[in-house]
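Novice: next one to model:
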Amino acid sequence: MQFREAANSSGKEVEIIYVPSDRQAADVVKRTSSMNMLSVPIGEEADAMKRKYKIWAGAESLKLGMGRRSGVPALVVLSGSGDEVAFLAAESKGAKALGDWPLDDSGLW
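Specialist: Model (predicted):
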């Protein structure tokens, strides 16, 4: 991923963790391995993360509710301690959302 490469080359390492909405574990493995990402397991752990950050696919609204702030994809930037420091609206902006996460000393690092 170009963004990860740019972050790492600027000396600011980034780890991307995929929270799946896939229906089958094999699909998660295929997606995460192709993009060299970590993943949260399908099921209760993924659903807990979705509820915490209020991001899930529209098809999951029956199970997770209507109170989401975004559909998928979306990016939540967390600090090393797990606190949310930024939300990137990838559902509406696509890859351009990464431009909202500057690779400088603006406070998001």
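Novice: quick one, strands of this protein?
Specialist: Along the chain, the segments classed as strands by DSSP state E run 17-18, 38-39, 75-78, 84-88.
Novice: which residues touch the third one?
Specialist: When contacts are defined by CB atoms under 8 Å, 6 or more residues apart in numbering, strand 75-78 is touched by residues Tyr53, Ile55, Glu84, Val85, Ala86, Phe87, Leu88, Ala90, Ala97, Leu98, Trp101, Leu108. Placement of C-beta: from N, CA and C, glycine included.
Novice: show me what Tyr18 is bridged to.
Specialist: Beta bridges link Tyr18 to Ser39, judged by DSSP bridges.
Novice: dump the residue contacts of it.
Specialist: With contacts defined as CB under 8 Å, 6+ apart, the neighbours of Tyr18 are Val28, Arg31, Thr32, Met35, Met37, Leu38, Ser39, Val40.
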